[in-house]
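Enquirer: any chance you could fold what I've pasted below:
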Amino acid sequence: MICRIRKWNLSDAADLAAAISNKNIQDNLRDGLPYPYTEKDGADFISAMLSADENGTFAFAITVDDKVVGSIGVFRQGNIHRLTAELGYYIAEEYWGKGIMTEAVRQICQYVFEKSDIIRIYAEPFAYNVASCRVLEKAGFRYEGTLRNNAVKNGKIIDMKMYSLLKAEI
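Expert: Modelled structure (predicted):
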């Protein structure tokens, strides 16, 4: 399977909704996403990403064989962290464990470092999400530490891990 990242199209809304309307995926993401996730939710998200500031929001569809199977984005931070950006991603469950997300992470980091002045990309997966931590490690990110009792997810207080990749490291 060949993974590619590309800019969103409004016609991707149905595939996006199919990928994210899954409790197993949403249990590993921040709160605020509707469940079930509808095609209209997808269209609203895609519209927002297409109209976002291109120097601060780098949002892409993850595709396999030209089908959208997930989402990946890098989001510039503000103030003293203006050269730092946060990475977020998810992929449809049937594509887990196939190396696709690692490749998508590599592609977006290369894109952001080449096309912007960002010097550091970080991610904060939930500590229990071993697969997401492994994706980051395989993509070259360094583990920086555990953020203890850093979030509340599904009514539980949980740790998060901090990973980063520097432009100078690629």
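Enquirer: quick one, helices of the chain?
Expert: The residue ranges that make up the helices of the chain, judged by DSSP state H, are 13-20, 23-26, 39-51, 100-115, 130-138.
Enquirer: show me which positions of the longest one end up buried.
Expert: Using 16 or more other Cβ atoms under 10 Å as the burial criterion, the residues of helix 100-115 that qualify are I100, M101, T102, E103, A104, V105, R106, Q107, I108, C109, V112, F113. Glycine gets a C-beta too; all of them are placed from N, C-alpha and C.
Enquirer: cool, the shortest one as well?
Expert: Of the residues in helix 23-26, those buried under the neighbour-count criterion (16+ other Cβ under 10 Å) are I25, Q26.
Enquirer: hmm, who's touching that helix?
Expert: A19, I20, L33, Y35, Y37, Y90, I91, A92, E93 (Cβ atoms under 8 Å, 6 or more residues apart in numbering).
Enquirer: any idea how far the third one is from V130?
Expert: Yep, that's L33 we're talking about. Using Cβ to Cβ, to the nearest Å, one obtains 22 Å as the distance from L33 to V130.
Enquirer: the two: who's more crowded?
Expert: Higher neighbour count among L33 and V130: L33, with 14 against 11, using other Cβ atoms under 10 Å.
Enquirer: was I right to think the more buried one contacts N22?
Expert: No - assessed by Cβ atoms under 8 Å, L33 is found out of contact with N22, at 10.7 Å.
Enquirer: contact partners for A19?
Expert: Contacts here follow Cβ under 8 Å, 6+ apart; on that basis A19 touches I25, V68, V69, G70, S71, Y90, I91, A92.
Enquirer: now for the fourth one, how many residues are close by?
Expert: By the measure other Cβ under 10 Å, the count of residues near G70 is 24.
Enquirer: would you mind measuring from it to E124?
Expert: Plainly put, G70 is 18 Å away from E124 if you go by Cβ to Cβ.
Enquirer: can you pull the buried residues of stretch 72-79?
Expert: The neighbour-count criterion (16+ other Cβ under 10 Å) identifies I72, G73, V74, R76 as the buried residues of stretch 72-79.
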